[in-house]
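K.L.:
Here you go, sequence then predicted model.
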Amino acid sequence: MFILLLRRNDVAWRSIMISKPARLRKEHYSLAIDQEQTAFVPFEDIAVIVLNHREITLTHPVLSACGEYGISLFATGSTHHPSGVFLPFLPHSRATRWLRLQLDLPRPVAKQAWATIVRRKIANQAVCLRLTNRNGASRLESYERRVRSGDSNNLEGLAAAFYFVQLFGKDFRRNQTRFINAALDYGYAVMRGTIARALVAHGFLPSLGLFHASEQNAFNLADDIIEPFRPIVDLFVTNLVIPADEMLHPEIKAALINLLNVDVSMPRGKMSVLSAIEHTVESLARLYEGNDKTFLELPSLIGLEPHQLEY
């Protein structure tokens, strides 16, 4: 079992990954994790729980507590990648109002907001190339400058195709079954689930996106918001030493979850990814209320330094 400390709004939150047989139950106001010994973690201190073993059982009160305390609970499949996420169904006093605002957002505003997101994503990809001493950052910065409303020229796709080859080699493809893609997918899945949780907590319906609009996707809006956060995972995976068996070992998964604790730069200053997700979602609310893309606050990649509390 790994228990990682995350930082959100300068408060310590725990991210728990369980990779051995266990029984999870609620005892008073804490999560009790029964293994060789029993560990107790207060529910109010938990942000994320990842269940990464087939012999884990949990009680209904644990699920209820996850909903009550706003905890994201991930289940992994046979490949040990997140296959599902339990999100809190948090009551929101203005849920119907947010739904109307999402449905009524003018299309030009949505297209401009998507262009803003794409620009920041490509800018962060350029920073990732520079931080890893790869070539091509200037070309990505050129793509960034050319993004227009709605990204009608698909510069996001062009940038991604060029970027991944620069980052991982000319033979790399995102659809390949290999360690690098497994690590990327795991990191993206955790980030996506955390964003979905923040959206639900703020009263949004995650299936209604700004750009992504698949009828079979319950997290279109999360898939919009995650884009500028993806290069954080990319940068980490680039620095990984690939194990001889090319397996995604528990310590690697724990480190990928802990990316929620690294610092990014936001308009209001440096903060952890977990805090940045909250700020981005809060700014999205202002976008819907004011129909102005300039309300969006998005992260800038600065490295992989863990967030430190200041006293």
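P.N.:
Looks like it came in fine.
K.L.:
Domains in this structure, by residue range?
P.N.:
2-86, 95-295 (automatic domain parsing).
K.L.:
for those, which one sits closest to residue 301?
P.N.:
Nearest to residue 301 among the domains of the chain is domain 95-295 (4.2 Å), distances taken as CB to CB. C-betas here are computed from N, CA, C, even on glycine.
K.L.:
Tabulate the domains of the chain (a markdown table), appending mean neighbour count.
P.N.:
Putting these into a markdown table (neighbours: other CB atoms under 10 Å) gives the following:
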| stretch | mean neighbour count |
| --- | --- |
| domain 2-86 | 17 |
| domain 95-295 | 18 |
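K.L.:
Switch those domains over to TSV; also include mean pLDDT and distance to residue 302.
P.N.:
Formatted as TSV, the domains of the chain follow (pLDDT from 0 to 100; distance: least, CB to CB, whole Å):
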stretch	mean pLDDT	distance to residue 302
domain 2-86	80	15
domain 95-295	91	5
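K.L.:
and these as JSON lines, adding distance to residue 307?
P.N.:
Shown next, in JSON lines, are the domains of the chain (distance: least, CB to CB, whole Å):
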{"stretch": "domain 2-86", "distance to residue 307": "4"}
{"stretch": "domain 95-295", "distance to residue 307": "4"}
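K.L.:
that's a helix at residue 265, yeah?
P.N.:
No: applying DSSP: H, G, I helix; E, B strand; the rest coil, one finds residue 265 to be strand, outside a helix.
K.L.:
Please renumber the chain so that the first residue is 41 from this point on.
P.N.:
Sure, I'll start counting at 41 from here, so that last one is residue 305.
K.L.:
Pairing-wise in the sheet, spell out the partners of it.
P.N.:
Judged by DSSP bridges, the bridge partners of residue 305 are residue 310, residue 340.
K.L.:
separation between residue 202 and residue 93?
P.N.:
Taking CB to CB, to the nearest Å as the measure, residue 202 and residue 93 are separated by 39 Å.
K.L.:
same thing with residue 71?
P.N.:
16 Å.
K.L.:
Report the central residue of this structure.
P.N.:
Per CA atoms, centre = their mean, the C-alpha nearest to the average position across the chain is that of residue 231, at 1.6 Å.
K.L.:
got the contact list for that residue?
P.N.:
Contacts for residue 231 (CB atoms under 8 Å, 6 or more residues apart in numbering) come out as 266, 269, 270, 272, 273, 299, 300, 313.
K.L.:
That one: what secondary structure?
P.N.:
Applying three-state DSSP to residue 231 yields a three-state assignment of helix.
K.L.:
measure it to residue 262 for me?
P.N.:
The value you get for residue 231 to residue 262, if CB to CB is used, is 9 Å.
K.L.:
and if you look at residue 297?
P.N.:
17 Å.
K.L.:
Provide the secondary structure category for residue 125.
P.N.:
Assigned with three-state DSSP, residue 125 falls in the strand class.
K.L.:
Disregarding residues adjacent in the polypeptide, which is nearest to it?
P.N.:
Once flanking residues are discounted, residue 125 sits nearest to residue 233: 4.2 Å by CB to CB, 6 or more residues apart in numbering.
K.L.:
Relative to residue 106, how far out is the one you found?
P.N.:
Residue 233 sits 12 Å away from residue 106, going by CB to CB.
K.L.:
joint contacts of those two?
P.N.:
Here residue 233 and residue 106 share the contacting residues residue 112, scored by CB under 8 Å, 6+ apart.
K.L.:
Which secondary structure state does residue 228 sit in?
P.N.:
Once three-state DSSP is applied, residue 228 turns out helix.
K.L.:
Please identify the helix or strand for the nearest residue in space to it that is not next to it in sequence.
P.N.:
Nearest non-adjacent residue to residue 228, counting by CB to CB, 6+ apart: residue 273, 5.8 Å away. Assessed by DSSP states H and E, residue 273 sits inside helix 270-278.
K.L.:
quick one: contacts of that helix?
P.N.:
Applying CB under 8 Å, 6+ apart, the external contacts of helix 270-278 come out as 161, 164-165, 167-168, 171-172, 207-208, 220, 223-224, 227-228, 231, 295-296, 299, 302, 304, 313, 339, 341, 343-344.
K.L.:
which ones among those are found in strands?
P.N.:
Counting by DSSP state E, these place residue 304 in strands.
K.L.:
so how far is the first residue of stretch 115-126 from its last?
P.N.:
Using CA to CA, to the nearest Å, the end-to-end distance of stretch 115-126 comes out at 8 Å.
K.L.:
Now do the contacts for residue 62.
P.N.:
41, 73, 74, 75, 93, 95, 96, 97.
K.L.:
how about 7 Å then?
P.N.:
Residues near residue 62 by CB atoms under 7 Å, 6 or more residues apart in numbering: 73, 74, 75, 96.
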